[in-house]
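> Just to be clear, the model below is a prediction. Sequence and coordinates:
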Amino acid sequence: MSRNLLARYIWLIDTIRRYGSITREKLNELWMQSPYSEGDPLPRRTFYNYRGAIEELFNINIECNPTTYEYYIDSGDSHQASVTDWLLNSAAMSNVLSSVKDVSDSIFLEDVPSARLYLSQVISALRERRPLHFTYRPYTRVNPTRDVVIEPYFLKIFRQRWYVTGLNTRDGIIKTYALDRMEDVIIGSETFTIDPDFNAEKFVSDSFGIVFTQAEPHAVVIRATARRAKYLRALPLHHSQREEIHDSFSDFHYRLRLTPDFVQELLSLGADVKVISPPELRAMVTDGLRNALAQYENATDN
């Protein structure tokens, strides 16, 4: 697909989203003002072709209200919308970056190493409901774990890394694996079925990152400085985030399971945040701070 064609798709999606609903006449007027028209109107047949391509590429349906003859985007459920937004943003970013070779030495990006080798294979196994066979090299062990077999349930990206979660057939437990620590990945020939009672969105809903437990979620309250509150407001820690604003600070409320990766996130925020509740989380963060301080108090090196 040409870069220019992808840019036209993105322009069409963004324009309809921005207006909420729009007639063909208004859309055509805006098209004539865009850099893609070259002074020509958007033919009806071309518009319908673009609609079909957008649905196929991004799973975005551009619908028409038969009463008002206005076009709008059917966003679907919230999870599907979030995946679609991620795909659209990725495509838009790729489209922009592909045209900036002349200033590439002035652009610095974060690497996503796990996306290059095995992501397509894992997605294929996920789509076809086939098991994955691989060798795994966790950071916590010297020797790799060989002959791992999982039935993949879902994928998640977290902190620039892709993770696959599924049923470990040997242990009979749902586990999560980082794609950049997998080796010799093979898709099995047999198929499997997921327990009809399993709901991936519900499974991850009360977790911060990629550590999933069956523990009960807690009502978490974190107090942040006014400055840190601006960052949390712009980039929430979790979808359950709710803010209570005070004069010199904000209290952020969450519904979360108390997992090690969430504790590490709070520790990384340093003195900008303070755990108000629950007591268990306060104790976990306090222990983490004490252990970090002990690294310096007990240090014998210079």
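Cool, got the structure.

> Got the domain ranges for this protein?
As recorded under automatic domain parsing, the domains making up the chain are 3-97, 114-204, 218-297.

> Quick one: closest of these to residue 212.
Closest of these to residue 212 is domain 114-204, at 6.4 Å (criterion: CB to CB). For every residue, glycine as well, the C-beta is placed using N, CA and C.

> List phi and psi for the closest residue to residue 213 other than its chain neighbours.
Nearest non-adjacent residue to residue 213, counting by CB to CB, 6 or more residues apart in numbering: residue 257, 5.5 Å away. The phi and psi torsions at residue 257 (degrees, to the nearest 10) take the values phi -80, psi 150.

> Help me confirm that residue 257 comes into contact with residue 209.
No - Residue 257 is beyond contact range of residue 209, at 10.5 Å (criterion: CB atoms under 8 Å).

> Now tell me what touches whichever helix or strand residue 265 is part of from outside.
Assigned by DSSP states H and E, residue 265 belongs to helix 260-268. Helix 260-268 is contacted from outside by 208-211, 222, 237, 256, 273, 275, 281, 284-285, 288-289, 292, using CB atoms under 8 Å, 6 or more residues apart in numbering.

> Please indicate which of these are buried?
The neighbour count (16 or more other CB atoms under 10 Å) marks 208, 209, 210, 211, 222, 237, 256, 273, 275, 281, 284, 285 as buried among the contacts of helix 260-268.

> Could you report the neighbour count for residue 163?
21 (other CB atoms under 10 Å).

> dump the residue contacts of the residue lying closest to it once chain neighbours are set aside.
Distances taken as CB to CB, 6+ apart place residue 210 nearest to residue 163, at 4.7 Å, with adjacent residues excluded. By CB under 8 Å, 6+ apart, the contact set of residue 210 is 156, 158, 163, 165, 176, 261.

> Of all the domains of the chain, which one is nearest residue 103?
It's domain 3-97; of these, that one is closest to residue 103 (CB to CB) at 10.2 Å.

> just to revisit the earlier point, columns distance to residue 103 and mean pLDDT on top of the domains of the chain, output as JSON lines?
Putting these into JSON lines (distance: least, CB to CB, whole Å; pLDDT from 0 to 100) gives the following:
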{"stretch": "domain 3-97", "distance to residue 103": "10", "mean pLDDT": "81"}
{"stretch": "domain 114-204", "distance to residue 103": "23", "mean pLDDT": "90"}
{"stretch": "domain 218-297", "distance to residue 103": "26", "mean pLDDT": "95"}
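
> so where do the strands sit in the stretch 1-150 of the chain?
In the stretch 1-150 of the chain, strands defined by DSSP state E, counting those that start in this stretch lie at 21-23, 61-65, 70-74, 132-136, 145-158, listed in chain order.

> List the beta-bridge partners for the residue positioned nearest the centre of the chain.
Nearest residue to the geometric centre of the chain (CA atoms, centre = their mean): residue 157, 5.2 Å. Beta bridges link residue 157 to residue 162 when assigned by DSSP bridges.

> How much space separates it from residue 32?
Per CB to CB, to the nearest Å, residue 157 is found 39 Å from residue 32.

> before we move on, what about residue 61?
Separation of residue 61 from residue 32 (CB to CB): 25 Å.

> With residue 227 instead?
For residue 227 relative to residue 32 (CB to CB), the value is 45 Å.

> When the two are compared, which one has more neighbours?
The neighbour comparison of residue 227 against residue 32 (other CB under 10 Å) goes to residue 32, with 14 against 9.

> show me the contacts for the nearest residue to the more buried one once chain neighbours are set aside.
Nearest non-adjacent residue to residue 32, counting by CB to CB, 6+ apart: residue 41, 6.3 Å away. Residue 41 sits next to 28, 31, 32 when contact means CB under 8 Å, 6+ apart.

> Regarding residue 165, what is its secondary structure?
Following DSSP: H, G, I helix; E, B strand; the rest coil, residue 165 is assigned to strand.

> which residue packs closest to it, ignoring adjacent ones?
Closest to residue 165 by CB to CB, 6+ apart is residue 176, at 4.5 Å.

> Am I right that the one you found falls within a strand?
Yes - counting by three-state DSSP, one finds residue 176 located in a strand.
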